[in-house]
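Colleague: Need the 3D shape of this:
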Amino acid sequence: MPSNMPRLLKLLIGLLLCVLSISQSQALDFGFSELDKHEKLLVVNAGSVAFITAWGIAKWDYGQRSPHMQSEGWLGNDTKEGGADKLGHLWSTYVFGESLSNLYEGWGYNHDQAASYGALSSFAIMGFMEVGDSFSNYGFAYEDLITNALGSVAGYLMYKYPDFARKVDLRWEYAPAFDRTDFFTDYEHTKYLVALQLGGFDRLEGTPLEYLELQLGYYSRGFETQRADRERNLYIGVGLDLSRLFRKAGCEKFCKVFHYYQPPYTYVAHDSNLND
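Modeller: Residues are numbered from 1 along each chain as shown. Predicted coordinates:
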């Protein structure tokens, strides 16, 4: 469902903050730290499902309709968001899965197990939301489920194979619009992209090229206002590898955000309007 993406992001951010707070804070522990790693994993997944159920009933009209589904299309010009919401599903499931994998490994799972369980958890939680939506006015959209699956696979591959993750990033770009109160719904200023980091290749490490990356991205414009000249754009670009630049400067923790977020105006690109 087109409006599911902003709901989904808000929900996942809330879930991650709750899990991290419980796992890190003695005041909010409630015996959580005494559980073994398997029990913690079950609590996180069951708690997420329970939270989605309660929130869906209270805020999203879960249970108001009999189960139904609808097709929303993919990247077509006749879709509500030009496909930007579908890429948003992929990206958010990927980020959620990687975050859970990191959390699970911190609880004692080995690296491969954490990669698998993180990906499965993110797909299951996202999938449960789609099932819940089938009982509301939103309806079940199989396109969302497929892009969720692709996102969980991406998260698994990125986490399980660090050498691959050194070379490839999946990112969300947002250029702030200060007249907007909810940037999650602002597809007019959003882009999604894949970046190939040249510094991830051993032959280029230590050369000036290690600070560059190649980008392939997609964005839609004009769908929110239903303009007649709406656009679906594909672009290729060359940008700065900001995560490497900050890491070289000694800012290890902060630089990790640039594996997921692409600041605007840090690359040059050639755009192609798919509607032409």
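
Colleague: From Asp163, how far out is the nearest residue in space to Leu245 that is not next to it in sequence?
Modeller: In this structure, Leu245 finds its nearest non-sequential neighbour in Tyr211, 6.1 Å apart by CB to CB, 6 or more residues apart in numbering. C-betas here are computed from N, CA, C, even on glycine. Applying CB to CB, to the nearest Å, one obtains 19 Å for the distance of Tyr211 from Asp163.

Colleague: next one: Asn77
Modeller: For Asn77, the distance to Asp163 - CB to CB - is 39 Å.

Colleague: Of these two, give the one with the bigger neighbour count.
Modeller: Set side by side, Asn77 and Asp163 show more neighbours around Asn77, with 15 against 8, by other CB atoms under 10 Å.

Colleague: quick one: terminal-to-terminal distance for stretch 211-228?
Modeller: Between the opening and closing residues of stretch 211-228 we find a distance of 40 Å, counting by CA to CA, to the nearest Å.

Colleague: What residues sit buried inside that stretch?
Modeller: Of all the residues in stretch 211-228, those buried under the rule 16 or more other CB atoms under 10 Å are Tyr211, Leu212, Glu213, Gln215, Gly217, Tyr218, Tyr219, Ser220, Arg221, Gly222, Phe223, Glu224.

Colleague: residue closest to the middle of this structure?
Modeller: For the chain, the residue sitting closest to the mean C-alpha position, by CA atoms, centre = their mean, is Ser92 at 1.7 Å.

Colleague: Confirm that that one sits in a helix.
Modeller: Yes. With DSSP: H, G, I helix; E, B strand; the rest coil as the criterion, Ser92 is assigned to a helix.

Colleague: so where is the stretch 151-276 of the chain shaky, pLDDT-wise?
Modeller: Of all residues in the stretch 151-276 of the chain, those with pLDDT under 70 make up the ranges 178-185, 226-227.

Colleague: all helices of it, in order?
Modeller: In the stretch 151-276 of the chain, the helices defined using DSSP state H, counting those that start in this stretch lie at 162-165, 242-248, 252-255.

Colleague: quick one, what contacts Asp271?
Modeller: Listed by CB atoms under 8 Å, 6 or more residues apart in numbering, the contact set of Asp271 reads Asn233, Leu234, Tyr235.
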